[in-house]
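Chemist: Below are the sequence and a predicted model; questions follow.
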Amino acid sequence: MEIRVLGAGCINCKQLEQNVFNAAAELNLDADIQKVEDMAEIMKFGVMSTPALVIDGKVLTAGRVPNKEEIKQLLQK
């Protein structure tokens, strides 16, 4: 599983990244989790509002910080 957290480094972006790591750890997922801060890379996903969560190439959330439980549900789909 490939997970990308898109965001330039604001507090919300950092919170999403932490929530993703916590959710993946609780689910014992073997996932490739990366933070993407480069705006050119973020734009390739068509994201206009950060933070955004991308799982296996699909943007699942943008412009908000989903909590750990919501992220766990997204990761289990």
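Modeler: Everything's here; your move.

Chemist: Against which helices or strands is the longest helix along the chain packed?
Modeler: Longest helix in the chain by number of residues, with DSSP state H as the criterion: helix 11-26. Secondary structure elements in contact with helix 11-26, counted by 3 or more C-beta pairs under 8 Å, 6 or more residues apart in numbering; DSSP states H and E, are strand 2-6, strand 32-36, helix 68-76. Glycine gets a C-beta too; all of them are placed from N, C-alpha and C.

Chemist: burial measure for residue 37, as a count.
Modeler: One way to gauge burial is a neighbour count; for residue 37, by other C-beta atoms under 10 Å, it gives 13.

Chemist: can you start the count at 850 instead of 1 from here on
Modeler: Renumbered: residue one is now 850, and that last one reads residue 886.

Chemist: hang on, it packs against residue 859?
Modeler: No - contact criterion C-beta atoms under 8 Å: residue 886 and residue 859 do not qualify, at 10.2 Å.

Chemist: Ranking the helices and strands packed on helix 860-875 by mean neighbour count, which comes first?
Modeler: Per-residue neighbour counts averaged over each of those give the maximum for strand 851-855, namely a mean of 21 (mean count of other C-beta atoms under 10 Å).

Chemist: Return the list of helices and strands in contact with that strand.
Modeler: For strand 851-855, the helices and strands in contact under the criterion 3+ C-beta pairs under 8 Å, 6+ apart are helix 860-875, strand 881-885, strand 901-904.

Chemist: contact partners of the first one?
Modeler: Pointing back at helix 860-875 there. Residues lying outside helix 860-875 but in contact with it, judged by C-beta atoms under 8 Å, 6 or more residues apart in numbering, are 852, 854-856, 880, 882, 884, 899-900, 902, 913-918, 920-921, 924.

Chemist: if you set the cut-off to 7 Å instead, what comes out?
Modeler: Contacts to helix 860-875, defined as C-beta atoms under 7 Å, 6 or more residues apart in numbering, come from residues 852, 854, 856, 880, 882, 884, 899-900, 902, 914-917, 920-921, 924.

Chemist: for the second one, same thing?
Modeler: When contacts are taken as C-beta under 7 Å, 6+ apart, the neighbours of strand 881-885 outside the stretch itself are 851-855, 866, 869-870, 873, 891.
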